[in-house]
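Trainee: no FASTA, just this:
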């Protein structure tokens with residue numbers, strides 16, 4: 001049975017002066033998907049994610065989550081959304097549990113913190129200051145914070161940047177576990193191998209536009225000169241090729 005479409009983006013644009021950060025982008029995300037977005041720096045990925053989260057308002061178009069307008073009903077939707085912090089500077093002087101408790105206080109819906117800490121292997125670190133953790137454990141903590149309200153949708157912006165290969169594998173394993181639990185995950189990342197291995201669909205952004213969007217194996221198979229990896233898809237569509245498509 002087809003999954004329900006829970007995010008519908010229709011002709012969304014965001015401008016900064018003459019710069020089109022996001023240019024007439026349309027797409028949908030289905031319930032339970034691990035949905036990837038790739039593109040070079042400046043392609044518009046972060047701006048798009050911020051609009052999906054209700055942090056920035058689109059200049060044109062509409063974004064609806066569970067049928068509700070992200071701009072007009074932001075307060076209602078925040079209970080359904082989890083956000084991975086790009087920076088942990090806000091919680092660096094707190095220990096892991098304190099940081100989770102602080103963010104949980106922003107929501108009406110409460111998840112079981114002890115269960116999250118155990119599930120993420122954070123029990124030995126729960127009383128340690130976040131700033132004292134290694135990069136991998138800091139990112140685990142940031143992801144744990146995104147779950148304090150038991151969200152249905154999780155947004156992640158370059159969550160594994162700077163992590164060593166094992167920490168990246170561990171992080172993606174957590175994302176797969178969350179997806180198996182029914183979470184919908186939207187992630188922007190430059191980890192092409194992991195995007196290929198884990199995402200149900202990947203969309204390519206270039207200069208604010210969506211160039212193409214499909215499952216990784218189809219994107220690879222459609223490369224005109226042949227290719228075996230998402231890295232080749234990235235080089236062809238995000239770096240070399242112009243175009244636009246709505247999905």
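Mentor: Thanks, I have it. Remember, predicted model here, so these are calculated numbers, not experimental data. Numbering: from 1, shown residues only.
Trainee: I'd like to know which elements the lowest-mean-pLDDT helix or strand in the chain is packed against.
Mentor: Taking mean pLDDT, DSSP states H and E as the measure, the helices and strands of the chain show their lowest mean at helix 74-77, namely a mean of 89. If you count contacts as 3 or more C-beta pairs under 8 Å, 6 or more residues apart in numbering; DSSP states H and E, helix 74-77 packs onto no helix or strand. For the C-beta atoms, the positions are set from N, CA and C on the backbone; glycine is no exception.
Trainee: In the sheet, which strands lie alongside the next helix or strand after that helix, parallel or antiparallel?
Mentor: Per DSSP states H and E, helix 74-77 leads on to strand 81-83 as the next helix or strand towards the C-terminus. Strand 81-83 has the following strand partners under DSSP bridges: strand 153-157 (parallel).
Trainee: and the partner strand, average pLDDT?
Mentor: Averaging the model's pLDDT scores along strand 153-157 yields 96.
Trainee: between whichever helix or strand comes after that strand and strand 153-157, how many degrees?
Mentor: Elements were assigned by DSSP H and E; along the chain past strand 153-157, the next helix or strand is helix 165-180. Using axes from the mean of the first three to the mean of the last three C-alpha atoms, to 10 degrees, the inter-axis angle of helix 165-180 relative to strand 153-157 is 160 degrees.
Trainee: Only the buried residues of helix 165-180, if you could.
Mentor: Within helix 165-180, the residues that qualify as buried are 167-168, 170-172, 174-175, 178-179, counting by 16 or more other C-beta atoms under 10 Å.
Trainee: From those residues, pick the one nearest residue 67.
Mentor: The shortest separation between residue 67 and any of the buried residues of helix 165-180 is 22.2 Å, and it belongs to residue 179 (by C-beta to C-beta).
Trainee: that older thread, run through who's touching the least confident helix or strand of the chain.
Mentor: Residues lying outside helix 74-77 but in contact with it, judged by C-beta atoms under 8 Å, 6 or more residues apart in numbering, are 54, 65-66, 68, 70.
Trainee: For the residues you listed, give me JSON lines that also has pLDDT and distance to residue 105.
Mentor: Listed next are the contacts of helix 74-77 as JSON lines, based on pLDDT from 0 to 100; distance: C-beta to C-beta, whole Å:
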{"residue": "54", "pLDDT": "91", "distance to residue 105": "19"}
{"residue": "65", "pLDDT": "96", "distance to residue 105": "23"}
{"residue": "66", "pLDDT": "94", "distance to residue 105": "24"}
{"residue": "68", "pLDDT": "95", "distance to residue 105": "24"}
{"residue": "70", "pLDDT": "94", "distance to residue 105": "23"}
